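**Q** Output the structure for:
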Amino acid sequence: MEEAISQERELLLSQEIQAERRLDAKLKRSFNFIPDLRVTPFRNAARTLANHPLNASILPMPTNLSFHDLTPNKSIPPQAKYLLGLGSKFIPTPPKTNGRITKSIDHFVRDLKLRVFFACEDSTDDVQDHEDRSKLYLKSKWTPNDSDLPEWVNGRLDRFTTAISKLFKRRNATSNLLPLQQDLLQSLPANDSYLYPLADKGLGPCGVLTEQYIEDALIHLCNEEVYEQLTEEEAILATDVLRTEIKDWLEEYKSVIGEDAYKYINHHLKENDDSPYGQFYIMYKIHKGLKDGRWPTRPRILDALELPPNTLPFTSDAKSMYTNIKTNPALASLSKYIQEKVRGKSDELEKSALIEGLNLVLRNNIFRFGDTYWRQISETAMGTPPAPPYATIFYALYEKELVPRWKKHVFFYKRFIDDVIAFWTAHEDPVQNDILWKEFEADMNKWHGLKWVCTKPSHSVNFMDLTISVVNGRIETKLVRRLCTHKTDADSSIRDFLDRLLARGHTRESLQPMFANAEANATSFLRRSQDERKQLKIQKRNDSNNQLFFHLQFHPNDPTSREIQSIWRDTIAEPEGETPLCDLENLEEQRVGINKLVVAYSRPMNLGNRFSVRDIHDRGKPVSHYLAK
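**A** Model prediction:
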């Protein structure tokens with residue numbers, strides 16, 4: 001009897017254990033964790049989070065994360081998307097609030113003293129002088145002496161600085177990242193095996209192997225028609241020669257460029273003595289798709305038209321425009337145009353200064369990539385300030401012949417750098433029309449190796465931010481990102497924009513007031529006449545002369561702009577029992593006129609700043625190792 005009872009007990013215990021295992025398995029499948037009934041729900045939740053840090057289902061993450069793992073075997077840590085997927089513009093809240101804001105206060109104090117010292121009832125001449133001044137000038141550090149200012153200036157400033165300094169205290173801040181994301185912010189950049197460059201067209205961060213990134217960059221640099229490698233000694237010598245040539249150019253054309261620009265360029269020459277090289281980097285063109293097993297990279301008005309019958313839009317896009325413009329023919333063409341066609345607007349010395357300056361910039365692109373040095377010997381360096389207008393003008397010299405030659409069929413033609421929108425009037429004979437179209441395409445590609453890819457004329461094309469369509473002989477535009485012909489299209493696009501922001505983690509409650517305010521501003525603007533809009537611009541420009549700025553890096557846990565404005569009013573603008581600032585005068589009996597403070601915020605570092613790829617000399621194997629293979 002006892003043996004039978006014992007066997008039955010063992011059977012029941014075994015069945016109970018099996019039932020518990022089946023229940024645990026079901027809980028695991030359904031909820032990805034097994035609760036411990038001996039502890040509280042909070043303790044169960046804490047244990048689950050600690051044991052499953054990569055479980056996205058239990059993390060309040062945005063649903064639309066823009067991060068691209070481009071490694072061959074998708075070896076980027078899977079949790080990286082939880083941080084980098086927030087986008088390169090996302091700003092992690094700094095761990096500490098702003099404490100000492102001495103720099104902001106000093107800037108503000110100097111600005112107020114200057115505005116008081118130079119106060120003038122009629123600022124028309126000052127505005128004109130500012131508009132005529134070269135954009136290349138060194139900012140003055142001069143500050144008026146206290147003896148040149150009324151006594152009230154320092155009195156009010158002392159009260160303001162005392163109050164504002166007490167307001168800002170350095171303390172721990174509340175992070176806008178989860179603990180997992182905070183860990184990733186430290187651990188991802190510390191791993192030398194991976195780099196996180198940006199994708200082209202603003203499509204978000206990418207993850208690549210460091211060796212993959214270097215090899216992709218060397219595909220460009222090893223093109224001997226475009227780049228030549230320099231030794232460190234050759235690079236130093238080349239930059240020394242360039243520095244001498246720039247100084248010679250400055251002395252020869254000082255009268256042309258002006259004193260301000262002369263001092264500005266000299267100053268920056270000296271600043272760059274220790275590091276005269278640019279840094280080569282690449283961006284991944286993921287919108288182009290894989291090509292030969294690699295991701296492509298790159299080195300860094302219509303509604304009023306009355307269309308004739310059989311006229312349809314087409315677009316054309318230059319294939320790698322900057323890097324396909326050969327330096328020698330381009331500079332020769334531009335030099336010839338400047339010498340022969342630019343008459344009456346500048347003298348020969350100005351023309352020579354421009355031509356020689358272009359040669360200095362475009363023939364002396366010397367840069368580093370890791371531990372290697374390079375010089376670009378042909379094509380146009382992306383990132384140099386003259387590149388966009390240089391490329392635009394270069395092809396425009398050919399368009400002056402191309403467009404008139406095809407005026408019978410090219411009804412309308414406009415170009416923005418490397419993007420063309422045009423309308424083609426078809427020949428009545430389809431066969432002849434195809435022949436003419438192919439001849440036009442070939443004609444576009446006859447200018448010093450530049451290649452243009454054209455879409456065939458059709459009833460609808462995409463051009464930059466617009467979808468342009470021909471409906472019943474009329475042009476209609478539909479928003480890709482900006483302008484719509486019909487309100488229904490605009491409403492639909494606005495809803496799509498709202499949905500994207502919600503998917504990025506923003507709340508409807510925070511977005512709706514912004515959208516309502518934007519709609520009210522747009523409605524108010526559209527109701528104004530052209531004259532009213534012009535007067536509004538003038539008024540805003542005049543108002544800007546009566547305002548002062550307080551520059552500060554933004555931190556969400558800092559005192560608010562409203563609190564700063566309150567201190568401004570109480571200590572400077574409108575102290576109780578004292579004359580308002582705008583009615584006070586300087587020692588020349590000129591009215592100060594300042595009636596507004598603008599708190600001008602700058603931003604902390606975003607993810608793009610923290611992860612952007614520039615100098616890679618200390619990450620993994622040196623670049624020279626890959627060149628030696």
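
**Q** Going by C-alpha atoms from here, please, whenever you check contacts or count neighbours.
**A** Fine.

**Q** Give me the phi and psi for the nearest residue to residue 450 once chain neighbours are set aside.
**A** The spatial neighbour of residue 450 that comes closest, neighbours along the chain excluded (Cα to Cα, 6 or more residues apart in numbering), is residue 324 at 5.8 Å. With angles defined as degrees, to the nearest 10, residue 324 shows backbone torsions of phi -110, psi 0.

**Q** Residue 324 contacts residue 391, doesn't it?
**A** No. Counting by Cα atoms under 8 Å, no contact exists between residue 324 and residue 391, whose distance comes to 10.0 Å.

**Q** that older thread, state the distance from the residue nearest to residue 450 to residue 555.
**A** Distance from residue 324 to residue 555, counting by Cα to Cα, to the nearest Å: 45 Å.

**Q** same thing with residue 578?
**A** Plainly put, residue 578 is 33 Å away from residue 555 if you go by Cα to Cα.

**Q** Settle it for me: which of these two has more neighbours?
**A** Residue environment comparison for residue 578 versus residue 555 gives the larger neighbour count to residue 555, 19 against 10, counting by other Cα atoms under 10 Å.

**Q** returning to that earlier point: what is the neighbour count of the residue nearest to residue 450?
**A** Using other Cα under 10 Å as the criterion, residue 324 is surrounded by 17 other residues.

**Q** Name all residues that make contact with it.
**A** 379, 380, 449, 450, 451 (Cα atoms under 8 Å, 6 or more residues apart in numbering).

**Q** Report the separation between it and residue 248.
**A** Between residue 324 and residue 248 the distance, using Cα to Cα, works out to 31 Å.

**Q** and if you look at residue 23?
**A** With the distance defined as Cα to Cα, residue 23 ends up 85 Å from residue 248.

**Q** what pLDDT does residue 479 get?
**A** Among the per-residue scores, residue 479 shows a pLDDT of 61.

**Q** Selecting buried members of the contacts of residue 324 in PyMOL, what would you type?
**A** This is the PyMOL syntax for the buried subset of the contacts of residue 324, where burial follows 16 or more other Cα atoms under 10 Å:
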select buried, resi 379+380+450+451
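
**Q** hmm, which two among the contacts of residue 324 are most spread apart?
**A** Every pair in the contacts of residue 324 was compared (Cα to Cα); the two farthest apart turn out to be 380 and 451, at 14.8 Å.

**Q** From what I see, residue 422 and residue 411 are in contact.
**A** Yes. Proximity of residue 422 to residue 411 meets the contact threshold set by Cα under 8 Å, at 7.3 Å.

**Q** what's the average pLDDT for stretch 499-512?
**A** Mean pLDDT, stretch 499-512: 81.

**Q** show me where the stretch 401-550 of the chain has strands.
**A** 410-416, 419-425, 452-454, 460-463, 466-471, 474-479, 547-553 (DSSP state E, counting those that start in this stretch).

**Q** so how far is the fifth one off the chain centroid?
**A** Centroid separation between strand 466-471 and its chain, computed with Cα atoms, centre = their mean, to the nearest Å, is 28 Å.

**Q** do the first one as well
**A** When distances are taken as Cα atoms, centre = their mean, strand 410-416 is centred 28 Å away from the chain's centroid.

**Q** got it, and the third one?
**A** The gap between the average C-alpha position of strand 452-454 and the chain average comes to 27 Å, counting by Cα atoms, centre = their mean.
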